[in-house]
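*Asks:* I'll drop the sequence and a predicted model, then ask my questions.
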There are 2 protein chains.
Amino acid sequence: MTAPGTASISAIPDPVAIRARVDEALAAFVREKAGGGAARSLPTEVVDTLEGFLFAGGKRIRPVLCVLGWLAAGGSPEVPPPVVRAAASLELFHASVLIHDDIIDDSDTRRDHPTVHRSLADRHRDRRDPDRFGVNAAIVLGDLTMVWAAELLHTAQLSASRLGGALAVLDSMRADVMYGQYLDLLATACPTEDLERAMEIVRYKTVSYTCERPLHLGAVLADADPRVLAALTAYARPLGEAFQLRDDQIGVYGDPASSGKSNLEDLREGKHTALVALALENARPADASRLRVLLGDPELDEDQAEICRDILTATALPQVEDMITVRWEQAKRALLDAPFPPEVCAALRRIADAVVLRAV
Amino acid sequence: MTAPGTASISAIPDPVAIRARVDEALAAFVREKAGGGAARSLPTEVVDTLEGFLFAGGKRIRPVLCVLGWLAAGGSPEVPPPVVRAAASLELFHASVLIHDDIIDDSDTRRDHPTVHRSLADRHRDRRDPDRFGVNAAIVLGDLTMVWAAELLHTAQLSASRLGGALAVLDSMRADVMYGQYLDLLATACPTEDLERAMEIVRYKTVSYTCERPLHLGAVLADADPRVLAALTAYARPLGEAFQLRDDQIGVYGDPASSGKSNLEDLREGKHTALVALALENARPADASRLRVLLGDPELDEDQAEICRDILTATALPQVEDMITVRWEQAKRALLDAPFPPEVCAALRRIADAVVLRAV
């Protein structure tokens, strides 16, 4: 029963409800692929491994933002299945990026489980070179996942014109994340005091890929006018920067038990982040030299990591905290005069808070 | 000037002319990407490396078959730019597959040039671990190339309904090649007498990906009826098998100077091919055991390769030659009552000959 007078206004779905529908769409797609593969006697480990990875965790931030973009542009709170499928395709694409990213970073665990290349190596321990097999199979599985992500969108039953609009957003988003990955690789293991360079990586990998384009995708599916797209951008850009600045901080100071990832890996890889750039800029020459030697050392131990953390805390952390706060406020201010339904503004505000107030 | 009476019949373009137009479309797309990257201060090595790889060689078999599929279905011999662009997108997708395939096979050269991961490692010799950088950068560059291949198709100015048809063909083609790669990986280094397993890899990686789907893509763009698609399949299936059987033979017996690739690599990797399956089935137990020991040995030298070749020649090569001939004839027979314009049948017949009569 709905109270009189509210019957015509459906409440917008909250992130938990969106996630549940996205997961349902992902599960249905993966089951369909498992069935098709079985019919053609394809190895079941392909779909099994992908399914295990997809459902081991993940915040589903991109699909949630996609659906909020749809709602921001006036799309129905019922969120029709094609929109849910489009949102789910972002998550599948993201899985493909993570599978390859874990190979690149030589990571052992993700979401508290072995990474895909490690789990495929474990499954094939009796082979001549199981570790190489694991990496190779994960390269192919990542590619297949990228191909399937596209198929999930193509078969979402979107109208032809909406599919066209969606593809344009996605083409730009997918190229941005790859350029971001490339810039990240170039900068890794050669950290510098170049803050602008660190922020450029953030703009490709996080602002565009994680925030702005997912919001735009949903909005385009609701035939958003340019004013809505611009307002989403005004919110997404500072939010994406805040998101990544916090993420970088978690990568160095985070509690692995709650973040699900190592807090040594970024230091050992020598990731070029705003935190590192500011420290190299601000630290006394002796500390800057120590940082340069330690960052990117694959053998870095816990004591050396503590030295790095102390220098970063003394020379850069407060400034990064300020940068996060400025961007957090900017994102929320952008919502004040955004032409979105008020419940959508409230939901976007809660997301901004959740991003920034995450435990480090 | 055209002779009277022939003015209305344009000759269909030959493969050389198709290749030239495809290369032009690829070059224009890559130039556009270089310009866009420069405007955003992105590293030029990304586009430079891809461009070098694309234009170092390649038969362009998939785009040529795509255009012939278009012509088979009655498409205009003028071949409009959107169809050329769609054909070119197959080549760009193929580049992405090869970039990753060369990492998987740990190959040094392709098309007589260093592979992408080797050339990126060379460009970054001063880094802490240039070889690892090369592999990582090539994983990302392969991903970006796959993304761009999709964009090249999406922006080909196809009508919405034709784009929809094209995407369905491509979704199936792209998943097939990835499944084929996965099956190939599983079978590599554990060759068996299982001929059916070897032919299954061929059906995914070569029949579907290299022949049937490229032909279908072009045909779908010309609104082909199901009879045309079925006739293309009847030609493509045996042709694709013949193509791969010849390719496997070249991989073992080929002259690297003319094939552009090593004739040791497949043996060292222990590729599971029809040639190997038949040899393990037919050879005397002592020879079969020797083969099992030698195939997949990464240190295999030229003398040991010669031993493998001798066993393969004595026990399997004639049968593989027969298999090729049977399929070659089957493909050409399929053209006899195909509902294609006669010049298209002639062109497809020449391609079948070229595939089979390649120098080993």
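*Replies:* Perfect, I can see it now.
*Asks:* Chain neighbours aside, what residue packs nearest to A:Val47?
*Replies:* Among residues not flanking A:Val47 along the chain, A:Ala34 sits closest, at 4.3 Å (Cβ to Cβ, 6 or more residues apart in numbering or on different chains). (C-beta placed from N, C-alpha, C; glycine too.)
*Asks:* what do you get for A:Pro82?
*Replies:* Using Cβ to Cβ, 6+ apart, the nearest residue to A:Pro82 is A:Ala156, at 4.4 Å.
*Asks:* how much space is there between the one you found and A:Pro77?
*Replies:* A:Ala156 sits 19 Å away from A:Pro77, going by Cβ to Cβ, to the nearest Å.
*Asks:* returning to that earlier point: and for the residue nearest to A:Val47, the neighbour number?
*Replies:* 17 (other Cβ atoms under 10 Å in any protein chain shown).
*Asks:* Over to A:Ile311?
*Replies:* A:Ile311 has 23 neighbours, counted by other Cβ under 10 Å.
*Asks:* Using the three-state scheme, assign it.
*Replies:* Under the three-state scheme (DSSP: H, G, I helix; E, B strand; the rest coil), A:Ile311 adopts helix.
*Asks:* per-residue pLDDT, A:Gly37?
*Replies:* Looking at A:Gly37, its pLDDT stands at 86.
*Asks:* ok, now which ones touch it?
*Replies:* A:43-44, A:46-47, B:179 (Cβ atoms under 8 Å, 6 or more residues apart in numbering or on different chains).
*Asks:* Recalculate using a threshold of 7 Å.
*Replies:* Taking Cβ atoms under 7 Å, 6 or more residues apart in numbering or on different chains, we find A:Gly37 in contact with A:44, A:46-47.
*Asks:* quick one: which of these is nearest to chain B?
*Replies:* Ranked by distance to chain B (Cβ to the nearest Cβ), the contacts of A:Gly37 are led by A:Val46 at 5.9 Å.
*Asks:* So for chain A, the centremost residue is which one?
*Replies:* A:Thr210 (5.0 Å; Cα atoms, centre = their mean).
*Asks:* For it, which non-adjacent residue is spatially closest?
*Replies:* A:Thr210 sits nearest to A:Gly240 (Cβ to Cβ, 6+ apart), 5.9 Å away.
*Asks:* where's the one you found, which helix or strand?
*Replies:* helix A:226-253 (DSSP states H and E).
*Asks:* Tell me the pLDDT of the residue nearest to A:Thr210.
*Replies:* On the pLDDT scale, A:Gly240 is placed at 97.
*Asks:* which bits of the stretch 251-360 of chain A sit near chain B?
*Replies:* Within the stretch 251-360 of chain A, the positions near chain B by Cβ under 7 Å from any Cβ of the partner chain are A:Gly296.
*Asks:* so which residue of the stretch 251-360 of chain A comes closest to chain B?
*Replies:* A:Gly296 (6.5 Å).
*Asks:* Now the closest residue to that residue other than its chain neighbours: phi and psi?
*Replies:* Using Cβ to Cβ, 6+ apart and skipping the chain neighbours, the partner closest in space to A:Gly296 is A:Gly270 (2.5 Å). For A:Gly270, the backbone dihedrals (degrees, to the nearest 10) come out as phi 70, psi 40.
*Asks:* count of neighbours near A:Gly270?
*Replies:* A:Gly270 has 21 nearby residues by other Cβ under 10 Å.
*Asks:* dump the residue contacts of it.
*Replies:* Residues near A:Gly270 by Cβ under 7 Å, 6+ apart: A:188-189, A:191, A:295-296.
*Asks:* Buried residues, stretch A:57-69. List them.
*Replies:* Buried residues in stretch A:57-69, defined by neighbour count with 16 or more other Cβ atoms under 10 Å in any protein chain shown: A:58, A:60-69.
*Asks:* Closest to B:Glu343 out of those?
*Replies:* A:Cys66 (48.6 Å; Cβ to Cβ).
*Asks:* Quick one: list the elements packing against the host helix or strand of the closest one.
*Replies:* If you go by DSSP H and E, A:Cys66 is part of helix A:61-72. With contacts defined as 3 or more Cβ pairs under 7 Å, 6 or more residues apart in numbering or on different chains; DSSP states H and E, helix A:61-72 has these neighbours: helix A:15-39, helix A:81-104, helix A:213-221, helix A:226-253, helix A:342-356.
*Asks:* quick one on the thing from earlier: so if I had to pick from A:Ala156 and A:Pro77, which one is more boxed in?
*Replies:* A:Ala156 (22 against 15).
*Asks:* Look up how far chain B lies from that one.
*Replies:* Separation of A:Ala156 from chain B (Cβ to the nearest Cβ, to the nearest Å): 11 Å.
*Asks:* And that residue, how far from A:Arg60?
*Replies:* A:Ala156 sits at a distance of 17 Å from A:Arg60 (criterion: Cβ to Cβ).
*Asks:* same deal with A:Glu151?
*Replies:* Noted for A:Glu151: a distance of 19 Å to A:Arg60, by Cβ to Cβ.
*Asks:* swap in A:Leu295?
*Replies:* Counting by Cβ to Cβ, the gap from A:Leu295 to A:Arg60 is 32 Å.
*Asks:* Write out the residues of the stretch 51-200 of chain A neighbouring chain B.
*Replies:* Checking the stretch 51-200 of chain A against chain B by Cβ under 7 Å from any Cβ, the hits are A:100, A:103-104, A:127-128, A:133, A:136-137, A:139-140, A:143-144, A:146-148, A:150-151, A:154, A:160-161, A:164, A:167, A:171, A:174-175, A:178-179, A:181-182, A:185-186, A:189.
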